[in-house]
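J.: sharing a model prediction with you, sequence too.
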Amino acid sequence: MTNSQTEEKGLRAELLERVHAIGPVLADGVAEGDRTRRLPDASVRAVDESQVGMVWTAKSYGGLEADVRTLSEVTKALSHYCPSTSWVVNNINGSNLLATRFPARTQDEVFGDDPGVKLASIFAAFGEVERAEGGFLLTGKWPYSSGILHDDWAILGAKETVAEGEPPKMASVLVPVADLTIEDTWHTVGMRGTGSHTAVARETFVPEHRVLPVEQQLGRGNTTDVSLPPLLRTPAVAAMAVICASVVVGAGQAARAFVVDQAPKRGIAPTTYRSRPESQTFVSSLGRTALSIDAAEMHVNRAADVIDEAAAAAVALPESELRRIRGDVGQAVSLVTVALDELMWAHGAAAFSESCLLEQYWRDANTAARHAMLNVHVGHELYGGSFFDLDCIVPSL
C-alpha cells in the first residue's frame, strides 16, 4: 500500500468516526426535517463542525480532498442516521468539486475566506443568460435545488442568448445564493428534509469570470492533467452519480439493520411464531434480501474504485467504462428499492407507522432513486449499448 493510500484509508476511518459522533444529532432531527422540509439548524451545524461537507473541497483552500470511495463511505454512513442530510452533503461535495473547474480568481472568491463554504448545483438549463457590460444577466427558475436553504453559492445551468441562426450555447453560471430568491415548491413523499426548493433569478448580474461553457464545466479534459491532484482529475459527473447511489445504498443498509434488530422481538400474526427468526420463510427471505443490498454496495464500490484508480494514474476512462458506471449506479438503486419493499413485508404492517424508522428509509430511498442520474432504465440502455458501439444517449457521462 502506498503512502497516499494509507493516508486516504486513515482519513476515511476518521471521517466515519465523525459521522457516528454526529449521528445522534442527525437522527434526532429527522422528524423536524420531515415536518419543516429543511434540515434542522442543529443538523447543519453538525455537518459544518464535522467537515463532512468539505470532503471534495480542494486542499489548496483548506478542504479534505478525499477520493470517491471515501465520500461514498461517508454518505452511506450518514444515511443510517438521516438520508436527507446524506443527500445534502452529497450535493454540497459534488458542487464544490465542480467549482474547481472555474478560474482561480473565481475559486478565490468562493473559497478564499471560508473553506467550509457550501455550494448547490442544478445543471438542467432552466435559465437564460444574456450578455451585458462586464458580464451577463441571468434569468430563470431551477427546481430541485437540494440544500439551497443552507448553501452559500449555486452553480446553475443556462442557455446563452445568441443571434438568430446560431447554434445554442450552454453555460454554467455561479451565483451567490443571496442574489437568488427561493420559491417554496418542495412538497414530496420522501427526502423532505433536503429542502429542494426552486431557485429563482430575475436579471441577476453575473460577472464574466463566473460563467463557464458547460462542456468545460462537465467535460473530462482534466482527467490526464498531471499538474492536478487526483481528485481534481476525477470525471465529476460519473463520481457524483456514484455518490448519489451511495445515499440510497446506505438507506437500504440501515433498513436491513432495523429489521434484523427488531425481528427477535416480533411474532408473525396469525401464526404460532413468537419470534420472526423462528420462521424459516422469514430467515430465507431476509437472506435473499440482504444479498441484494450487498450486491448493490458491490456495484457502487466497483464504480468508485474504478474512478479513483484512473484518477490516481491520470488515465482517462473509456466511454465504455463510464457507461458501465451508470449501469452500476442504476442497478444498485434498483436492487435497493426492491429490497426495501421486501423489508417492509418482512417487518409487517407496523412498518407503515409514522413512528417507524423503516418507512422513513423506504420513502427517502425510493424518492432519491428516481433522480435522473440514477435512472435504472437509462443505465441499462447505456451499458447494453456499449457492447454494440451504439451512440451514447447521455451527453455528459
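T.: Arrived safely, thanks for sending.
J.: what about the strands in the stretch 151-300 of the chain?
T.: Using DSSP state E, counting those that start in this stretch, the strands found in the stretch 151-300 of the chain span residues 153-160, 169-176, 181-183, 197-207, 211-213.
J.: excluding chain neighbours, what is closest to Arg220?
T.: Once flanking residues are discounted, Arg220 sits nearest to Pro235: 4.9 Å by C-beta to C-beta, 6 or more residues apart in numbering. For glycine as for every other residue, the C-beta is placed from the backbone atoms N, C-alpha and C.
J.: identify whichever of the strands of the stretch 151-300 of the chain lies nearest to Ser386.
T.: strand 169-176 (25.1 Å; C-beta to C-beta).
J.: each with direction, which strands does the closest one pair with?
T.: Paired strands of strand 169-176, with direction, are strand 153-160 (antiparallel), strand 211-213 (antiparallel) (DSSP bridges).
J.: what comes up buried for it?
T.: Using 16 or more other C-beta atoms under 10 Å as the test for burial, strand 169-176 gives 170-175.
J.: what lies in contact with that strand?
T.: Under the criterion C-beta atoms under 8 Å, 6 or more residues apart in numbering, residues 98-99, 101-102, 106, 110, 123, 125, 127, 129, 136, 138, 152-160, 162, 201, 204, 206, 210-218 lie in contact with strand 169-176.
J.: residues touching Asp364, list them.
T.: Counting by C-beta under 8 Å, 6+ apart, the residues that Asp364 touches are 83-84, 190-191, 251.
J.: could you redo the last one with a cut-off of 6 Å?
T.: For Asp364, the contact set (C-beta atoms under 6 Å, 6 or more residues apart in numbering) comprises 83, 190-191, 251.
J.: can you pull the domain assignment for the chain?
T.: Listed by automatic domain parsing, the domain ranges of the chain are 3-111, 119-212, 230-386.
J.: okay if I get those domains as a markdown table plus distance to Cys392 and mean pLDDT?
T.: Shown next, in a markdown table, are the domains of the chain (distance: least, C-beta to C-beta, whole Å; pLDDT from 0 to 100):
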| stretch | distance to Cys392 | mean pLDDT |
| --- | --- | --- |
| domain 3-111 | 21 | 97 |
| domain 119-212 | 17 | 94 |
| domain 230-386 | 6 | 97 |
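J.: of all the ones you listed, which one comes closest to Val394?
T.: Nearest of these to Val394, taken as C-beta to C-beta: domain 230-386 at 6.3 Å.
J.: for the chain, which helix is longest?
T.: Among the segments of the chain that qualify as a helix by DSSP state H, the longest is helix 280-313.
J.: and that one, what does it pack onto?
T.: helix 68-81, helix 230-233, helix 236-262, helix 319-347 (3 or more C-beta pairs under 6 Å, 6 or more residues apart in numbering; DSSP states H and E).
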